[in-house]
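Enquirer: Let's see this in three dimensions:
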Amino acid sequence: MFRKYFLLAMLAGAALLVATCDEDVRSVWMKFVTPLKDQRVPRSVVPVKVQLVVEHCDVDSVILSVDGARVGTDPGRHDTCYFTWDASDVAPGTRQRLTATVHSVTSAAGTTFQYRDSLFINVLVDTGGPDIRIVSPQDGDTFAKGNVPITVWAKDDGPAGMDRVEFLIDEVLKGTVSAGDRDTWRYTWDASQASPGGHAIKAKAYNGYGEIAAEAITVAIRDTGSSGGPTYHHGYIDTSEVWSPGGNPHIVNGDVVFHKGARLTIEPGCVVKFDNPFILYFGISGPSGLTAIGRADAQILFTSNQATPAPGDWNGIMFGDSTLAGTRISYCTIEYGGVQGSDGAAISILNGGTVDEISNCTIRQSGMYGVSCMDNSSFGTFSDNVVTSNLGYALRLGPEVAERLEAGNVLTGNGSEGVELRGRLSTSTTWPDIGVPYVMQLVSVGDSTNSPVLTIEPGTEVRFQSQGQLVLGQLGRNLPGRIVADGSAGRITFTSAAGTPAPGDFYGVVVYDGPSDESEFRSCDFAYGGRGSYDAGMLYVHGCSPVITGCDFGYSATWGIAFRTAQVPDTVMLKQVNTFHDNGSGAIKWIRLFPGSGH
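Expert: Numbering: from 1, shown residues only. Modelled structure (predicted):
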């Protein structure tokens with residue numbers, strides 16, 4: 001009787017198959033040469049190579065299938081079989097089973113026997129793997145002993161996505177971060193006990209399939225007691241730091257964001273240089289603050305790191321609504337910051353932030369403003385500063401902040417003369433005479449709760465940009481506000497901001513009814529306004545009777561004063577106590593206001 005022994009070896013780990021039969025001494029040996037078990041293959045045409053050795057039998061064919069679907073057939077006439085598999089339509093991250101099946105035949109005693117032997121491996125269709133880049137520090141940076149923030153960009157676009165990023169120092173795992181912020185992963189290395197010299201920082205990104213990408217850099221740690229820089233700064237800082245002159249120059253070569261209650265203290269004599277276009281942030285991404293207090297003989301310098309500095313080389317110092325109390329800047333020189341453009345400033349305070357003190361500083365060569373303080377933001381004191389040689393105005397302020405400008409500031413020598421004001425004034429405020437004009441496009445005074453009063457000190461000059469207005473109250477809305485402009489001790493001027501002023505450069509001052517009845521204009525000069533329709537005036541009075549005396553109205557494109565009131569104003573008296581000349585339409589215009597109509 002014929003006996004047949006058939007052994008099928010499915011050795012996926014070795015990718016090797018051996019089949020034997022002792023009756024007919026048939027043997028089949030097969031393995032995958034490429035790809036190998038668990039190998040990652042690209043989403044494209046994949047070459048497949050299977051090595052085959054047979055004895056005492058004939059090979060009929062070798063078939064390659066992927067997940068049960070036939071891909072190709074080789075006649076098996078040689079020791080190596082070649083196939084191509086088009087994996088371009090396979091979803092990234094998919095594991096596929098490749099199976100090679102050899103069909104062979106033998107004959108014995110006039111009988112033909114057919115055999116089928118199979119071997120399989122699993123492969124992973126290429127996801128591209130994770131990508132990683134160390135954003136900061138940069139290779140070769142030097143740090144004093146202390147906290148070293150590390151920022152990594154890492155992502156994986158495959159279906160598994162990112163799993164984690166590991167941070168290693170000198171090949172020792174120091175931390176693992178399992179959640180990034182929009183592909184940004186952060187870790188702070190405590191280098192307070194690190195030995196002076198070079199240290200390797202490595203970041204390893206893992207995706208959901210366990211695939212890895214890594215990048216490494218080398219940084220130097222400088223002993224705290226040693227002198228000489230440069231010392232580099234960038235990234236997110238969540239613990240307080242002290243920058244000392246021993247680390248000069250301190251180079252900001254990436255945005256520095258203090259948060260989580262961290263405070264930066266900069267000691268007298270420090271030199272801080274900025275690469276383009278970076279910023280120091282405080283109170284923007286969480287609570288943080290700055291104490292930068294130099295001395296008259298050891299000022300703190302914030303400047304450009306360019307060989308040939310120019311205005312706007314770096315973006316400035318920015319404070320937001322979470323700026324910590326006690327933030328102070330004193331005896332500092334801040335130069336070449338404030339990117340050129342409509343909002344650039346060497347110092348920016350925004351979103352309701354407050355800086356307690358800016359004093360005894362020189363702020364120069366900004367790409368636009370020296371200081372910008374807008375959006376209900378403020379500073380506690382602004383005194384004894386020199387703000388000069390900036391391409392725009394010295395300051396850009398919300399109208400309520402102007403009263404914080406103390407005596408002793410020098411605000412001259414800038415590209416545009418004066419202090420620019422923008423926005424709504426909702427609390428009573430005094431604009432002091434600061435030696436340069438206030439310049440505005442539109443400032444409104446009014447609040448339903450506070451009924452604010454704008455007081456303008458004697459000697460003050462207010463200039464209007466093209467189509468500019470100063471509006472007291474607001475028609476049809478409960479936003480009362482009034483003005484007291486008494487120039488008896490020094491005339492107050494309302495005029496054009498144009499280099500060569502002309503009639504109609506701006507609209508004028510608008511006074512609406514309500515508490516505006518108590519508004520006062522005494523010893524004021526109005527010139528070059530009156531832009532608008534036939535009933536426009538440099539001073540437009542709607543439904544109220546403010547005090548107007550000792551004023552001069554000249555060079556209006558239309559009227560000196562325009563009234564829209566229910567009662568006829570005493571024009572004879574107004575002409576007796578005020579002066580009118582060179583107005584395009586005349587001295588005074590009256591239009592009846594019908595009760596309840598608003599018109």
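
Enquirer: Chain neighbours aside, what residue packs nearest to Cys165?
Expert: Residue 165: Val, not Cys. Leaving aside its chain neighbours, Val165 sits nearest to Trp185 (4.4 Å; criterion: Cβ to Cβ, 6 or more residues apart in numbering). Backbone N, C-alpha and C define where each C-beta goes, glycine included.

Enquirer: How is that neighbour assigned, secondary-structure-wise?
Expert: strand (DSSP: H, G, I helix; E, B strand; the rest coil).

Enquirer: How about the contacts made by it?
Expert: 151-154, 165, 177, 203 (Cβ atoms under 8 Å, 6 or more residues apart in numbering).

Enquirer: Please list only the buried members of those residues.
Expert: 151-154, 165, 177, 203 (16 or more other Cβ atoms under 10 Å).

Enquirer: Inside helices: which ones of the residues you listed?
Expert: Using DSSP state H to define helices, no part of the buried ones among the contacts of Trp185 is located there.

Enquirer: Can you list the low-confidence ranges for the protein?
Expert: 1-26, 109, 127-128, 159, 224-228, 475-478, 514-517, 534, 595-599 (pLDDT under 70).

Enquirer: Looks to me like Gly289 is in a strand.
Expert: Yes. Counting by three-state DSSP, Gly289 is located in a strand.

Enquirer: count of neighbours near it?
Expert: 23 (other Cβ atoms under 10 Å).

Enquirer: That one and Thr327 touch, don't they?
Expert: Yes. Using Cβ atoms under 8 Å, Gly289 is in contact with Thr327, at 4.4 Å.

Enquirer: what touches both of those two?
Expert: Contacts common to Gly289 and Thr327, judged by Cβ under 8 Å, 6+ apart, are 282-283.

Enquirer: quick one, domains of this protein?
Expert: Structurally, the chain divides into domains by automatic domain parsing as follows: 16-125, 131-220, 227-416, 417-599.

Enquirer: Look up the closest residue to Ser460, ignoring the ones flanking it.
Expert: Heads up, residue 460 is Thr, not Ser. Once flanking residues are discounted, Thr460 sits nearest to Asp433: 4.7 Å by Cβ to Cβ, 6+ apart.

Enquirer: ok, now Ala325?
Expert: Nearest residue to Ala325 in three dimensions, chain neighbours excluded: Asp356, at 6.7 Å (Cβ to Cβ, 6+ apart).

Enquirer: measure that neighbour to Asp38 for me?
Expert: 62 Å (Cβ to Cβ, to the nearest Å).

Enquirer: And the two? Which one has more around it.
Expert: Neighbour totals were compared for Asp356 and Asp38, and Asp356 leads with 17 against 12 (other Cβ under 10 Å).

Enquirer: With Ala91 as the reference, measure out to that one.
Expert: Look at Asp356 and Ala91: by Cβ to Cβ, they are 58 Å apart.

Enquirer: Now Gln576: phi and psi?
Expert: With angles defined as degrees, to the nearest 10, Gln576 sits at phi -80, psi -40.

Enquirer: Report the contact partners of it.
Expert: Applying Cβ under 8 Å, 6+ apart, no residues qualify as near Gln576.

Enquirer: hmm, try it at 10 Å
Expert: Going by Cβ atoms under 10 Å, 6 or more residues apart in numbering, Gln576 touches 549, 570.

Enquirer: now swap in the one 10 residues further on and tell me
Expert: For Gly586, the contacting residues are 537, 556, 558-561, 580, taking Cβ under 10 Å, 6+ apart as the criterion.

Enquirer: Looking at strand pairing, list the partners for it.
Expert: Trp559 (DSSP bridges).

Enquirer: do the one 5 residues further on as well
Expert: Beta bridges link Ile591 to Arg564 when assigned by DSSP bridges.

Enquirer: my read: it touches Phe563, true?
Expert: Yes. Ile591 lies in contact with Phe563 (Cβ atoms under 10 Å); the separation is 7.0 Å.

Enquirer: who touches both of those two?
Expert: 535, 542.

Enquirer: out of these two, which sits in the busier spot?
Expert: More crowded of Ile591 and Phe563, by other Cβ under 10 Å: Phe563, with 26 against 12.

Enquirer: Tell me how far the more buried one lies from Gly586.
Expert: Phe563 sits 13 Å away from Gly586, going by Cβ to Cβ.

Enquirer: Would you work out how far apart the start and end of stretch 136-150 are?
Expert: In stretch 136-150, first residue to last residue: 6 Å (Cα to Cα, to the nearest Å).

Enquirer: mind checking how far Gly413 is from Ala394?
Expert: Applying Cβ to Cβ to Gly413 and Ala394 gives a distance of 9 Å.

Enquirer: Touching both of these two, which residues are there?
Expert: Jointly contacting Gly413 and Ala394 under the rule Cβ under 10 Å, 6+ apart are 386-388, 436.

Enquirer: Which one of these sits in the busiest neighbourhood?
Expert: Of the shared contacts of Gly413 and Ala394, with other Cβ under 10 Å as the count, Val387 tops at 29 neighbours.

Enquirer: Who is that one paired with across the strands?
Expert: With DSSP bridges as the rule, Val387 is bridged to Ile363.

Enquirer: Now for it: which residues touch it?
Expert: Applying Cβ under 10 Å, 6+ apart, the residues near Val387 are 334, 346-347, 358, 361-364, 366, 369-371, 393-395, 409-414, 419, 436.

Enquirer: Now, these that are in strands?
Expert: 334, 346-347, 358, 362-364, 369-371, 395, 419 (DSSP state E).

Enquirer: Give me the phi and psi angles of Gln193.
Expert: Torsion angles, degrees, to the nearest 10, at Gln193: phi -110, psi 10.

Enquirer: what's it in contact with, if anything?
Expert: Under the criterion of Cβ under 10 Å, 6+ apart, the contact list for Gln193 reads 145, 221.

Enquirer: Tell me how far it lies from Asn147.
Expert: Taking Cβ to Cβ, one finds Gln193 at 12 Å from Asn147.

Enquirer: Repeat that for His542.
Expert: On the measure of Cβ to Cβ, His542 and Asn147 end up 60 Å apart.

Enquirer: Have a look at the two and say which one is more surrounded.
Expert: Neighbour comparison, His542 and Asn147: the larger count goes to His542, with 20 against 17 (by other Cβ under 10 Å).

Enquirer: my guess is the more buried one meets Ala562, correct?
Expert: Yes. With contact defined as Cβ under 10 Å, His542 and Ala562 form a contacting pair (9.0 Å).

Enquirer: can you list residues touching both of these two?
Expert: Counting by Cβ under 10 Å, 6+ apart, the shared contacts of His542 and Ala562 are 510, 591.

Enquirer: which one of Gly413 and Ala394 has more residues nearby?
Expert: Higher neighbour count among Gly413 and Ala394: Ala394, with 30 against 14, using other Cβ under 10 Å.

Enquirer: residues contacting the more buried one?
Expert: Contact partners of Ala394, counting by Cβ under 10 Å, 6+ apart, are 363, 366, 369-371, 385-388, 409-420, 434, 436.

Enquirer: now do Leu301
Expert: Contacts of Leu301 (Cβ under 10 Å, 6+ apart): 248-250, 269-273, 294, 332-335, 362.

Enquirer: got it, and Gly68?
Expert: So Gly68 contacts 97, 99 (Cβ under 10 Å, 6+ apart).

Enquirer: for Ala345, same thing?
Expert: Taking Cβ under 10 Å, 6+ apart as the criterion, Ala345 is in contact with 315-318, 337-339, 363, 366-374, 390, 392-393, 395-396.

Enquirer: Next: Ser372.
Expert: Ser372 neighbours (Cβ under 10 Å, 6+ apart): 316, 318, 338, 343-350, 366, 392-393, 395-398, 420, 422.

Enquirer: go again using 7 Å as the cut-off
Expert: 343, 345, 348, 396 (Cβ atoms under 7 Å, 6 or more residues apart in numbering).

Enquirer: Please apply the same query to Arg186.
Expert: Contact analysis of Arg186 by Cβ under 7 Å, 6+ apart lists 149-151, 236.

Enquirer: so where do the helices sit in the stretch 451-599 of the chain?
Expert: Remark: helices assigned in the stretch 451-599 of the chain by DSSP state H, counting those that start in this stretch are 571-577.
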